[in-house]
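Visitor: Please find the sequence and the predicted model below.
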Amino acid sequence: MSSNSAAPLMLAVVAILVGAVAIGLNYITSGPEGPAGPVGAQGAAGAQGERGPQGASGAQGAAGAQGPAGAQGPPGQAGAAGPQGPAGTQGPAGPQGQAGQQGAAGAKGDPGAAPSLEAIQRMVREEVEKTASAAALAEGGRLYDTWWKVDAGATAPTVNNPLWSLQTKNTRTGGDTWRCKECHGWDYTGKDGAYGSGSHATGFKGVYDTRIKSTRELVNILKGSANPAHNFSTVMSSAALTKLATFIAGGGLIDESTYIDYTTKKPIGSNATHGKELFNSVCSTCHGPDGRTLKFDGKDVVGTIANDNPWEFLHKVRFGQPGTPMPAGIERGWTVKDALDVLGYSQTLPKE
Ligand code: HEC
Ligand code: HEC
């Protein structure tokens with residue numbers, strides 16, 4: 001606006017000059033000077049400011065709210081009065097000062113209000129849910145299991161995770177102390193779930209409640225934003241961190257308490273007949289029809305894991321076994337119920 005104030009000033013000068021000319025004429029006719037010219041009419045009100053530009057586009061392409069119209073410009077400056085003439089007979093009145101010029105356009109309106117953080121998070125989440133492919137979710141699930149077997153270039157840590165000293169119940173050391181599942185549980189609920197007691201108990205909370213966070217926020221948590229000791233960016237790639245966040249926020253986590261009875265470790269509402277069909281068409285190729293072809297840790301078989309740790313079993317059947325060609329159920333289009341049916345059948349298989 002300040003750059004426009006010169007125009008009314010100029011006009012005031014013009015008005016003064018015009019008044020001066022009138023005075024000069026009075027001298028020529030040698031009559032006494034007339035009184036001062038009347039005050040110039042007040043300038044017209046400034047035109048209404050231009051409309052503000054459209055608000056910035058919201059995240060994920062949602063249009064921002066339109067900005068408010070600009071403020072009305074100030075009234076133009078009034079024309080200046082002519083100067084008082086010297087005494088004498090009354091001369092003609094000085095010409096009226098010119099009207100002030102139209103006020104400058106109002107300032108640009110503010111951009112439309114940006115969408116709230118919550119709205120942005122919701123949009124991002126919905127986008128992630130739409131686009132998180134089964135393959136990306138499965139990879140995130142395997143990273144959650146044992147990330148260094150999945151993230152190319154990463155190596156298994158040998159020293160304990162810096163957070164490990166915050167707990168004393170779980171006596172594992174080295175690489176194990178860096179697995180997401182070791183602190184947050186196969187059922188994603190940490191101390192509030194299956195790892196609330198037993199040799200794996202740490203007392204650390206789960207991640208299930210953080211599935212409503214944005215992937216950006218989750219990546220930051222994995223970079224130590226909430227706790228500098230919870231920084232995994234030094235040991236794994238940023239692509240892996242993003243996949244972990246996608247796994248959490250993009251639909252990988254399920255409420256296992258609705259699928260497994262925590263007291264009996266039995267699946268809730270499992271169809272073992274359907275599970276047997278799935279097992280024989282997919283799992284038996286590698287594990288054998290009785291699940292005993294491959295031995296884990298030299299002793300365990302499919303039936304052992306299914307009965308001892310149904311939460312781990314569900315996780316592995318849904319997302320696969322890190323570093324092996326074991327397929328991820330979700331990549332075959334399996335629902336949680338399908339995996340649950342396989343769990344029900346696998347619990348009937350030999351445990352050794
Ligand atoms: C050594 C144990 C440990 C490991 C390993 C670990 N975390 Fe954590 N994590 C924690 C602790 C402790 C917290 C802080 C919990 C709190 O706020 O009380 C935490 C917090 C989190 C949170 C935020 C929880 C919240 O409610 O705000 C997320 C998400 C998370 N971890 C994900 C992961 C993922 C993914 C991995 C695997 C890369 C992982 N964590 C590995 C111990 C661990
Ligand atoms: C392409 C081969 C292959 C197929 C198919 C396969 N698995 Fe596996 N599975 C493996 C391998 C390899 C391991 C790791 C063995 C080891 O750790 O020594 C494994 C590990 C497991 C484990 C134990 C994980 C652990 O560390 O305790 C379970 C449980 C399991 N598989 C169940 C299944 C089920 C159920 C199916 C069918 C849905 C299945 N697997 C299909 C190859 C396969």
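Guide: Done, it's in. Everything quoted here is computed from the prediction, not taken from an experiment. Ligands and ions are numbered 1, 2, ... in the order given.
Visitor: Give me the buried positions along the helix or strand where Asn220 lies.
Guide: Using DSSP states H and E, Asn220 sits within helix 215-222. Applying a neighbour-count criterion of 16 or more other CB atoms under 10 Å, one finds 215, 217-222 buried in helix 215-222. Bear in mind the C-beta positions are built from the backbone N, C-alpha and C, glycine included.
Visitor: ok, now stretch 138-157?
Guide: By neighbour count with 16+ other CB under 10 Å, stretch 138-157 contains the buried residues 138-148, 150-151, 154, 157.
Visitor: How about residues contacting that stretch?
Guide: Applying CB atoms under 8 Å, 6 or more residues apart in numbering, the set of residues contacting stretch 138-157 from outside is 174-175, 177-181, 184, 232, 235-237, 239-240, 243-248, 250, 252, 315-316, 318-323, 328, 330-331.
Visitor: closest to Ala114 among the buried residues of stretch 138-157?
Guide: Gly140 (29.9 Å; CB to CB).
Visitor: How much space separates the closest residue to the closest one other than its chain neighbours from ligand 2?
Guide: Of all residues not flanking Gly140 in the chain, Phe247 sits nearest, at 2.5 Å (CB to CB, 6 or more residues apart in numbering). To ligand 2, Phe247 is 18 Å away according to CB to the nearest ligand atom, to the nearest Å.
Visitor: where does the stretch 201-350 of the chain dip in pLDDT?
Guide: Filtered on pLDDT under 70, the stretch 201-350 of the chain yields no residues whatsoever.
Visitor: how is the chain carved up into domains?
Guide: Domain segmentation of the chain under automatic domain parsing yields 117-253, 272-346.
Visitor: Compare the ones you listed and give me the one nearest ligand 1.
Guide: Minimum separation from ligand 1 across those (CB to the nearest ligand atom) falls at domain 117-253, 2.8 Å.
Visitor: distance between the ends of the closest one?
Guide: End-to-end distance for domain 117-253: 23 Å, by CA to CA, to the nearest Å.
Visitor: one step back: just give me the neighbour total for the residue nearest to Gly140.
Guide: Around Phe247 there are 27 other residues, counting by other CB atoms under 10 Å.
Visitor: Check Trp334 too.
Guide: Counted with other CB under 10 Å, Trp334 comes out at 20.
Visitor: any idea how far Pro325 is from it?
Guide: Going from Trp334 to Pro325 by CB to CB, to the nearest Å gives 17 Å.
Visitor: thinking Thr304 is in contact with Glu352, fair?
Guide: Yes: shown here, Thr304 and Glu352 form a contact pair, counting by CB atoms under 8 Å, at 6.6 Å.
Visitor: Among the two, which residue is more densely surrounded?
Guide: A count of neighbours by other CB under 10 Å puts Thr304 above the other of Thr304 and Glu352, at 21 against 9.
Visitor: What residue, apart from its backbone neighbours, is nearest that one spatially?
Guide: Spatial nearest neighbour of Thr304, chain neighbours left out: Lys351 (4.8 Å); criterion: CB to CB, 6+ apart.
Visitor: The residue nearest to Gly140: what secondary structure?
Guide: Classification of Phe247 by DSSP: H, G, I helix; E, B strand; the rest coil places it in helix.
Visitor: Tell me which residues touch it, please.
Guide: Contact partners of Phe247, counting by CB under 8 Å, 6+ apart, are 136-137, 139-141, 143-144, 253.
Visitor: Kindly recompute the last result at 6 Å.
Guide: 137, 140-141 (CB atoms under 6 Å, 6 or more residues apart in numbering).
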